[in-house]
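Chemist: Kindly generate the corresponding structure for this input.
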Amino acid sequence: MKVLVSDSLSESGLDLLYHQTNLTTDLKTKLSPTELVNLISDYDALIIRSATQVTAEVIRAAKNMKVIGRAGAGIDNIDIETATQQGILVFNTPAGNTVAAAEHTITLMLALSRHVLPAGISLRNGEWSRKHFMGGELYRKTFGIIGVGRIGSEVIRRLQAFGMAIIAYDPYISVEAAERLGIKLVERENLLQEADYISIHVPLTPETHHSISSREFRLMKSNCRLINCARGGIIDEEALYVALKEKQIASAALDVFEHEPPTDYRLMALDNFLATPHIGASTSEAQELVAIEVAQKVIDALYHLPVENAVNQPNMDQFEVLQPYLKLAERIGSFQAQTVEGQISEIRIRFNGELFEKDVTLISVAVQVGLLKPILQDNVNYVNAPLRIQQRGIRVSETKHSTQKQFTNSLAVTVVTDRAKRMVEGTVSSTASIRLVRIDDIHLHAEPEGHMLVIYNQDRPGMIGILGTTLGNHGINIADMAVGRKEIGSHALMLINIDSKVPRHVMSQIEALPTIMFVKQIEF
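Modeler: This next block holds a predicted model:
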């Protein structure tokens, strides 16, 4: 069997491959797309980093390919759908850089607290200005962490040694799991208002893009210090520039930027801003761990051993029959994740109909994948989703009912939080299209696809027209709309499919309408 390594890899990983007697490993970097297509058919496995683009054309040419391993977390340079269709296993190695990223967060926090960069520059320029660089202690300060995942948890463990009070916002972790970590869960706005330090540890999604902007900076303390080693684009850099320049917050440190390398260097000119060029994972230890991990997993996959962090599930026996229900399950989970309020503690999955009399494990996992994906993105898949749910202290229960009154088969998912309980039910039509058919006690028919507005409003005449006019005035086209209500004059629910994302200022206009009770923009 042959392995192609098409991007640079630590010697430790290469040595592991070279010492496999039944494997031939070739290191060929900086291949052009044409060169890769022309030679890929000879190989059983491919190892890449971020440089190699594994397109559909490459995958179709890989006639003998069994596994693609990504040294690192991101998989946006791999056509996962085509790989799955071709029966090729794809996995990544997100854990190798966990400690490096956590330590870099602590590094930036300390550097901000003691003005390390400007003090060093001042001394290099021949100045001795101790009074100008008066710092602050971490002891008894409040640290706010947004996202308590793999890296966030490691940051928390290190912060505790400083004697800091740690508060966190993460709707995907239970109160019990937070208590085990020794942290206090709070609402997002409370965290922004109370924290002396704020660090971000969530992926970049439509929901998190520019989620720290002008409004959020106005909520923060004037002595707050902000750190981002997660993903560029989560912080609105234009708003950050204004907040730092006008001293709305004390300082900020970024390791990641919306455009890399940055195209606007105004932030770099500010004395209260610290930046590093996306080096959070750049330690020799992290690179070695990732290289060894990706090499070992490729070896395991070629010898048909289980592989952790697989991001697809090719050649599943039930996949063809269950595929539309897997999609439905993911969409219901995603809908719940993007609309439910509070800390999730329980997921109740109800299978209705004869189709589900057999093993439903895969569909249950699909619900969990959908629930986690809006926040974890590439770091959740059919292999690790149940573990991720368990780590967050979320309980999962399943019930089956062979008879179903209205639909041949349907799937109902109830999510319980510390503030609410919501049930979403869906089904698959005879043409394999998926539909949401009930939200709690409200019946409707909606397609969970693309951009969607979820709106609860008082049941009053003219609301559909008002919303249609508001969206139309801003050039936003309605593709479809589902409306339901429990009874006349109570409250109604609208699920509106739209062709494009609604800008924040338009969302504010909708929220300000007198009969609107709840509005949320979600994306599938």
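Chemist: Count the neighbours of residue 43 for me.
Modeler: Neighbours of residue 43 under the rule other C-beta atoms under 10 Å: 22. Every residue, glycine included, has its C-beta placed from N, CA and C.
Chemist: That one touches residue 66, doesn't it?
Modeler: No. Assessed by C-beta atoms under 8 Å, residue 43 is found out of contact with residue 66, at 9.3 Å.
Chemist: list the helices and strands the top helix by length along the chain packs on?
Modeler: Assignment by DSSP state H gives helix 319-339 as the longest helix of the chain. If you count contacts as 3 or more C-beta pairs under 8 Å, 6 or more residues apart in numbering; DSSP states H and E, helix 319-339 packs onto helix 361-376, strand 410-417, strand 421-428, strand 434-439, strand 516-523.
Chemist: Turn these into JSON lines, columns for mean pLDDT and mean neighbour count.
Modeler: Supplementary listing: these in JSON lines, determined by pLDDT from 0 to 100; neighbours: other C-beta atoms under 10 Å:
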{"stretch": "helix 361-376", "mean pLDDT": "89", "mean neighbour count": "23"}
{"stretch": "strand 410-417", "mean pLDDT": "95", "mean neighbour count": "22"}
{"stretch": "strand 421-428", "mean pLDDT": "95", "mean neighbour count": "20"}
{"stretch": "strand 434-439", "mean pLDDT": "95", "mean neighbour count": "20"}
{"stretch": "strand 516-523", "mean pLDDT": "94", "mean neighbour count": "16"}
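Chemist: out of those, nearest to residue 463?
Modeler: strand 516-523 (8.7 Å; C-beta to C-beta).
Chemist: contacts for that closest one?
Modeler: 206-207, 334-335, 338-339, 450-458, 491, 501-502, 507, 510-511 (C-beta atoms under 8 Å, 6 or more residues apart in numbering).
Chemist: for residue 143, helix, strand, or coil?
Modeler: When classified by DSSP: H, G, I helix; E, B strand; the rest coil, residue 143 comes out as strand.
Chemist: Sketch out the low-pLDDT regions of the stretch 351-500 of the chain for me.
Modeler: Residue ranges of the stretch 351-500 of the chain with pLDDT under 70: 358, 377-379, 383, 403-405.
Chemist: Dump the helices and strands packed on helix 319-339 to TSV, plus distance to residue 25.
Modeler: Formatted as TSV, the helices and strands packed on helix 319-339 follow (distance: least, C-beta to C-beta, whole Å):
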stretch	distance to residue 25
helix 361-376	32
strand 410-417	45
strand 421-428	45
strand 434-439	43
strand 516-523	41
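Chemist: For PyMOL, write the select line for the buried members of the contacts of strand 516-523.
Modeler: Provided next is the PyMOL selection string for whichever of those are buried by 16 or more other C-beta atoms under 10 Å:
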select buried, resi 207+334+335+338+339+451+452+453+454+455+456+457+491+502+510
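Chemist: and the contacts of strand 516-523, which of them are in strands?
Modeler: 451, 452, 453, 454, 455, 456, 457, 458, 491 (DSSP state E).
Chemist: quick check, nearest of these to residue 323?
Modeler: residue 452 (21.9 Å).
Chemist: can you give me the helices in the stretch 251-400 of the chain?
Modeler: Under the criterion DSSP state H, counting those that start in this stretch, the stretch 251-400 of the chain contains helices at 284-302, 319-339, 361-376, 385-391.
Chemist: Could you dump those helices into CSV and include distance to residue 200?
Modeler: Putting those into CSV (distance: least, C-beta to C-beta, whole Å) gives the following:
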stretch, distance to residue 200
helix 284-302, 20
helix 319-339, 19
helix 361-376, 12
helix 385-391, 19
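Chemist: helix or strand for the most far-flung residue of the chain relative to its centre, which one?
Modeler: Each residue of the chain has a distance to the centre, and by C-alpha atoms, centre = their mean the biggest one is for residue 126: 46.1 Å. Using DSSP states H and E, no element contains residue 126; it sits outside every helix and strand.
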